[in-house]
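Chemist: Generate coordinates for the sequence data below:
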Amino acid sequence: MQTIRPPLPYRALRPWLEARFGKPVRRVSLDQGSDCPNRDGTKGFGGCFYCDVEGSGTGALRAGVDLERQLQAGLARIQRTHPDCAAVAYLQSYSNTYVEPARLDLVLDLLEPHLGSRIVALSVATRPDTLPDWALDRLERLRDRVDVWIELGLESASDEVLRAINRLHTTQEFRASCARVKARGLQLVGHAILGLPGDGREGAVRTAQILREVGADGVKVHQLMVLERTVFANWWRQGRLQVLQPEEYVAWLADFLEHLDPEQVIHRITGDAEPEKLLAPRWPVSKNGIRDLLVQTMHRRGTRQGWAGQHS
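Modeler: A predicted model of the protein is given here:
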């Protein structure tokens, strides 16, 4: 007998994509070999304290898999499962507008034959302080052919927390870059991490409020994860860093969602990592289990996404 799940109390990405494009849509993650000003010495070295050596991406290019092979393999993989499936080309690793113009041109030229057919959206992950006008110019030209998402990391609404985790940009820089993205008619996706040291449950609410204020079209949120080969890995081993347990994370996540706008599309509610890289948290529940706990929590509260803004 099929289990009947209660409706989601938030606006989830997958059904939104299928309604928008009339077919299943899946991501193809691409690594173009970008760098980060927080690693190359422009702003600092070592990166954000939670970020691993792959820059939260696949590391495929460094492993010798060129971009063309990454793209073809990704398109073939999703179409084996869904023959009519479309793709979001996701430039994931590091800061993808922190490159020379010629490099971004090369990447966009590679994607160009597939835009509007096999690829229905282009998602570009970057930092709010590495978003030059020339990159926005190039991406704006594509918006009549595909959806263009600019994914900007806020992570926390506290400048103090951002300094403490070596993020090395400010909330004001985030707000300013969001305004520039919206002015170009591009879609804005904001990132948040719940459980950063010094942020707390109130910090989760403040971060949601900023993402609502800047008019982010989409939101990605996940728990703090401690990965090998990061500064946080050392802190965790020394007992200087605590991570959230499932019930605690779900309570904070419910608060977060309640303070967003009800129309914002939720691209992600948990993060994951390869088991050999992940030190903590190692939860006894799956991603689907976290989703189910979240649904139960918000139904028990009698709330849903955007509830706080409607009842303030």
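
Chemist: Low-confidence ranges, the protein, go.
Modeler: Counting by pLDDT under 70, the chain shows low-confidence ranges at 1-4, 53-65, 312.

Chemist: give me that answer again for 90
Modeler: 1-7, 32-35, 38, 44-46, 52-69, 79, 81-84, 92-94, 309-312 (pLDDT under 90).

Chemist: Give the helix, strand or coil label for the residue nearest to the spatial centre of it.
Modeler: Central residue of the chain (CA atoms, centre = their mean): residue 220, 4.4 Å from the mean position. In three-state terms, and counting by DSSP: H, G, I helix; E, B strand; the rest coil, residue 220 is strand.

Chemist: Now do the same contact list for it.
Modeler: Each residue near residue 220 by CB atoms under 8 Å, 6 or more residues apart in numbering is listed here: 151, 189, 190, 191, 192, 267, 268. Every residue, glycine included, has its C-beta placed from N, CA and C.

Chemist: make it 10 Å
Modeler: Counting by CB atoms under 10 Å, 6 or more residues apart in numbering, residue 220 touches 13, 125, 151, 153, 189-193, 211, 265-269, 271.

Chemist: So what's the residue count around residue 136?
Modeler: 19 (other CB atoms under 10 Å).

Chemist: That one contacts residue 142, doesn't it?
Modeler: No: contact status for residue 136 versus residue 142: not in contact, 11.1 Å apart, counting by CB atoms under 10 Å.

Chemist: Now list whatever residues contact both of the two.
Modeler: With CB under 10 Å, 6+ apart, residue 136 and residue 142 have common neighbours 148, 186.

Chemist: where do the helices sit along the protein?
Modeler: 13-21, 67-81, 101-111, 133-140, 159-164, 171-183, 200-213, 231-237, 246-258, 287-301, 307-310 (DSSP state H).

Chemist: quick one: contacts of the third one?
Modeler: Just to be clear, that refers to helix 101-111. With CB under 10 Å, 6+ apart, helix 101-111 has contacts from 28, 30, 32-34, 66-68, 70-71, 87, 89, 91, 96-100, 115, 118-119, 122, 124, 132, 134-135, 137-139, 141-142, 146.

Chemist: This completes my enquiry, with thanks.
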